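Participant: Fold the following, please.
(one chain, ligands or ions: 1)
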Amino acid sequence: MREPDPVALLKDLISVRSPTGEEDEVRAMIEEFLRDHGVPYEVDDFGNVLAGTRGGLLLNAHMDTVPGGEGWRITEPYDPRIVSGRVYGRGAADCKGGLAAALVAVVRAHEEGIPLSLLATVGEESPREEDNGTLHACREGLDAAAAVVCEPTDGHVNVGDRGRVTLEVRITGESAHASKPQEGRNPIEAAADAVEAISSMDTERLEVPGVGEVKSDVTVTGIEAGGPSNVIPHECTLTVDYRTVPGETPEDVRKAVEKEVVKSVDGEYDVEVRVKSASRATVVDTDSFIVKAARRAARAAGLPGGLRFKMGHCDIDYLVHEAGLDAVILGPKGGNIHGPDEWVSVESVRRCAEAYLKCAKIMFPTPVSTGR
Ligand SMILES: [Zn+2]
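Facilitator: Numbering: from 1, shown residues only. I've put the predicted structure just below:
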């Protein structure tokens, strides 16, 4: 059997379009790769692939990407190209680099009798939590001792991530003819003050051992108001994106934003703040075995292996909170994620394949029967 090459596989994976909801073709490619290398797998009713030997270390990577998008210079989104040690293409870093490394690690683990499995999922880039393949698989039940999420981390071991709460702030004033603004109360003027107040909010801070201080962030990402140009509108709605640290609940941040907005509009307007969607922040114990094993494995494979914390939200949330696993995030070095000319480092993809296998070997030094 030929040795699988993670970089050749990565180029193949990039060349197949797989925006969220259209993962069929890339999944077929993954199934063929697994069959070619004799690795047992199954596809669940949601469209996720579960491959390799259960009960040990579980790798998790998503098969979907954001759309190709505009403005590419180095290459086109689905025409992978290697330039100066980087593979360019949509999904190179998020998350096909980690996915290719994980697939190769699972093939090698199967050959060596190491309990390493891969959950390759659909729907990770969807804004709707009910589309998330990892969440679905976690609710169905996963047979694993610990997990590594293969999202790009520059070869560092991330011990958690921030949560995300989307809020809707509705400010109600009083409509009037625009020629007599003094007869109404303009909610857009109130919203201007509210945006200012939200942007300068003093957010929560958390000390993560070994990592340092992690802070939450809040920013206004949408504003909606207005009808005919000669009418002061009745209401103005803001969309607020709040990134939480572990321990902050959606209700905590809803109340905090409400308090700031109410204060900023001076009681002259009605304010209503509601939670539109929420996902949790996660932190795992930095003394846990998976953290130590992943750091050792990363360093042994030539990756930096430092302790970090992920600022965006990812599937570690579900692995920890739904499946009850200890988990970390460890993946290759990349950039321009979700933008044009997304790239991943060739070297770091190869090293991640080594690190994932090594991590399973550290956790399970004695080979098991993989039915070969
Ligand atoms: Zn991702």
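
Participant: can we go C-alpha only for contacts and neighbour counts from here?
Facilitator: Fine.

Participant: For stretch 309-327, what is the distance to the chain centroid?
Facilitator: Relative to the centre of its chain, stretch 309-327 is centred 9 Å away, using Cα atoms, centre = their mean, to the nearest Å.

Participant: what does stretch 233-252 give?
Facilitator: Distance of stretch 233-252 from the chain centroid (Cα atoms, centre = their mean) equals 19 Å.

Participant: again, but for stretch 236-255
Facilitator: With Cα atoms, centre = their mean, you get 18 Å for stretch 236-255.

Participant: Can you give me the first-to-last residue distance of that stretch?
Facilitator: End-to-end distance for stretch 236-255, by Cα to Cα, to the nearest Å: 19 Å.

Participant: buried sites along it?
Facilitator: Using 16 or more other Cα atoms under 10 Å as the test for burial, stretch 236-255 gives 236-246, 248-250, 253-254.

Participant: avg pLDDT for it?
Facilitator: Averaged across stretch 236-255, pLDDT comes to 97.

Participant: So Glu111 belongs to a strand, correct?
Facilitator: No - counting by DSSP: H, G, I helix; E, B strand; the rest coil, Glu111 is not part of a strand but helix.

Participant: That one: neighbouring residues, count only.
Facilitator: Neighbourhood size, Glu111 [other Cα atoms under 10 Å]: 14.

Participant: Repeat that for the one 10 residues further on.
Facilitator: Burial of Thr121 is recorded as 27 neighbouring residues (other Cα under 10 Å).

Participant: just Trp343 next, same as before
Facilitator: 28.

Participant: Would you agree it is in contact with Val83?
Facilitator: No - counting by Cα atoms under 8 Å, Trp343 sits too far from Val83 to count as a contact (9.6 Å).

Participant: mean confidence score for the helix or strand where Ala51 lies?
Facilitator: In the assignment (DSSP states H and E), Ala51 maps to strand 49-52. Mean pLDDT, computed over strand 49-52, is 98.

Participant: cool, stretch 331-339 as well?
Facilitator: In the prediction, stretch 331-339 has an average pLDDT of 97.

Participant: next one: stretch 105-125
Facilitator: 97.

Participant: same deal with stretch 159-166?
Facilitator: Taken as a whole, stretch 159-166 has a mean pLDDT of 96.

Participant: on that earlier part again, now do the strand holding Ala51: everything it contacts.
Facilitator: Contact with strand 49-52 is made by 27, 34, 39-44, 106-107, 110, 115-121, as judged by Cα atoms under 8 Å, 6 or more residues apart in numbering.

Participant: Does the ion have contacts with the helix or strand Thr134 falls within?
Facilitator: Using DSSP H and E, Thr134 sits within helix 133-140. No - Helix 133-140 lies apart from the ion when judged by Cα under 5 Å from the ion; the minimum separation is 11.8 Å.

Participant: what's in contact with that helix?
Facilitator: Here helix 133-140 makes contact (Cα under 8 Å, 6+ apart) with 46-48, 60, 119, 121-124, 129-130, 315, 318-319, 322-323.

Participant: ditto for stretch 298-307
Facilitator: Outside stretch 298-307, the residues that touch it by Cα under 8 Å, 6+ apart are 154-159, 210-211, 294-296, 348, 351-352, 354-356, 358-359.

Participant: are any of the residues you listed buried, and which?
Facilitator: 154-159, 294-296, 348, 351-352, 354-356, 358-359.

Participant: how's the protein carved up into domains?
Facilitator: Annotated domains of the chain cover 6-161+282-363, 163-279 [automatic domain parsing].

Participant: Looking at the contacts of strand 49-52, which are in helices?
Facilitator: 27, 34, 106-107, 110 (DSSP state H).

Participant: re the thing from before, can you give the distance of the helix holding Thr134 from its chain's centre?
Facilitator: Mean-position distance between helix 133-140 and its chain equals 15 Å (Cα atoms, centre = their mean).

Participant: Can you name the element that comes right after the host helix or strand of Glu272?
Facilitator: Counting by DSSP H and E, the element that carries Glu272 is strand 270-279. Downstream of strand 270-279, the next assigned helix or strand under DSSP H and E is strand 282-283.

Participant: And the next helix or strand past that following strand?
Facilitator: helix 289-300.

Participant: Please identify the next secondary structure element, helix or strand, after that following helix.
Facilitator: Next along the chain after helix 289-300, taking DSSP H and E as the criterion, comes strand 307-310.

Participant: what's in contact with the next helix or strand after that next one?
Facilitator: Next helix or strand after strand 307-310 toward the C-terminus (DSSP H and E): helix 316-321. The contact list for helix 316-321 (Cα under 8 Å, 6+ apart) reads 134-135, 138, 147, 149, 160-161, 279-282, 325-329.
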